[in-house]
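Q: model this:
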Amino acid sequence: MKNRKTGLSIWLAVCVLGLLAVLPAMGCAETEGNGSGAILESILARGVLRVGTAGDYMPMSYLDPETGNYVGFDAELAEDLAAALGVKVQYIETSWPTLMEDTLAGKFDLAVCGITITEARKEQALMSEGYLGNGKTVLCRAEDAARYTSLEAINRPEVRVMENPGGLNEKFARENLPDATLIIHPVNQEIPGLVAAGEADVMITEIMEAGYYVGQDSRLAAPLIYEPFTHGELGILMPPGSEELLAYVNDFLEAEKESGRLEELAGEYIYRYTEEDAEEAA
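A: Now for the predicted structure:
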């Protein structure tokens, strides 16, 4: 297994983003009801932060079937947030197809599981400031690294692209790879292994997920990890009416950045595919 801390300084320069946040004084919280302070007050009153997560996305948030515990960058971030609030975490299962529906229905206080900030999501709900950079890239077999270096090379009927349902990876593949053979597989964390085994040729995924799996499996490569198709940020998703919680979360993320905690989590969970790896694969 490769050292996941290899190239960490380069990775952090790309991923750990500057955060701008303003936290209103806690004394101005609105009373219980429909005000923006109601959700934060409810969390403090019940002593539990309800966190929505799909639990299928390493290295961000993954439900370990052996232990029954959630692990990953975002799982620890959620635990840190709960500790800052002085409450416990209760994980609420959601899925990529139902993520927004469950958020709007109030099934949890917030969701954190490698969620990309998009205008479409911000039109329906609230999203925190970005805390980690991301972008769509290619995960393929190492032997094919020199072959899949553009959308044009992938967008062919003989190329099998495998994605999990309902998320932005599937959306990207449908919009940008209409001629490729799209295979929808329900379990996201199984897809890298299926690509490595030859059951599919390409997975379109985020740079941190691609880099993580390359670090775990020498059969895989991420030839465009330094040149992703898109550039974005991960954020924390909250239902409308959570403005005070949003302000608290943004202030918390700023503190995590300033303390070096985001850097620590990146070093623990995120393997960065180095330029040397890319040159070797090519």
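Q: measure the nearest residue to S128 once chain neighbours are set aside to K136 for me?
A: Nearest-residue entry for S128: I236, 4.1 Å, with adjacent residues in sequence omitted and distances by Cβ to Cβ, 6 or more residues apart in numbering. For the C-beta atoms, the positions are set from N, CA and C on the backbone; glycine is no exception. For I236, the distance to K136 under the criterion Cβ to Cβ, to the nearest Å works out to 20 Å.
Q: Over to A221?
A: Between A221 and K136 the distance is 16 Å, computed by Cβ to Cβ.
Q: and if you look at L85?
A: Using Cβ to Cβ, L85 is found at 33 Å from K136.
Q: Comparing the two, which residue is more hemmed in?
A: Higher neighbour count among L85 and K136: K136, with 23 against 20, using other Cβ atoms under 10 Å.
Q: which ones are touching that one?
A: Taking Cβ atoms under 8 Å, 6 or more residues apart in numbering as the contact definition, K136 lies against 168-169, 172, 204-206, 228-230.
Q: which other helices and strands contact the one helix or strand L262 maps to?
A: When secondary structure is defined using DSSP states H and E, the element that contains L262 is helix 261-269. In this structure, helix 261-269 makes packing contacts with helix 8-15, helix 73-85, judged by 3 or more Cβ pairs under 8 Å, 6 or more residues apart in numbering; DSSP states H and E.
Q: Now do it against helix 73-85: the angle between them, please.
A: Orientation of helix 261-269 against helix 73-85 (axes from the mean of the first three to the mean of the last three Cα atoms, to 10 degrees) gives an angle of 140 degrees.
Q: what about the residue lying closest to L132 once chain neighbours are set aside, neighbour count?
A: Using Cβ to Cβ, 6+ apart and skipping residues adjacent in sequence, the residue nearest L132 is L234, 4.4 Å away. The number of residues packed around L234, counting by other Cβ under 10 Å, is 25.
Q: Each with direction, which strands does the strand or helix carrying L234 pair with?
A: L234 belongs to strand 232-238 when assigned by DSSP H and E. Strand pairing for strand 232-238, using DSSP bridges, gives strand 110-116 (antiparallel), strand 126-127 (antiparallel), strand 132-134 (antiparallel).
Q: wait, which of those is closest to P192?
A: Set against P192 and scored by Cβ to Cβ, the strands paired with strand 232-238 come closest in strand 110-116, at 14.5 Å.
Q: Tell me the buried residues in that closest one?
A: Residues 110-116 are the ones in strand 110-116 that count as buried (16 or more other Cβ atoms under 10 Å).
Q: Pick the one among those residues closest to L104.
A: Distance to L104 across the buried residues of strand 110-116 (Cβ to Cβ) is lowest for A111, with 11.0 Å.
Q: is the residue lying closest to the closest one once chain neighbours are set aside in a bridge, and if so with what?
A: Using Cβ to Cβ, 6+ apart and skipping the chain neighbours, the partner closest in space to A111 is G52 (3.6 Å). According to DSSP bridges, the residues that bridge with G52 are I92, A111.
Q: so G52 touches D102, yeah?
A: Yes - counting by Cβ atoms under 8 Å, a contact exists between G52 and D102, whose distance comes to 6.1 Å.
Q: Tell me which of these two has more neighbours.
A: G52 (27 against 19).
Q: Could I get the contacting residues of that one?
A: Going by Cβ under 8 Å, 6+ apart, G52 touches 91-94, 99, 102-103, 107-108, 110-113, 237.
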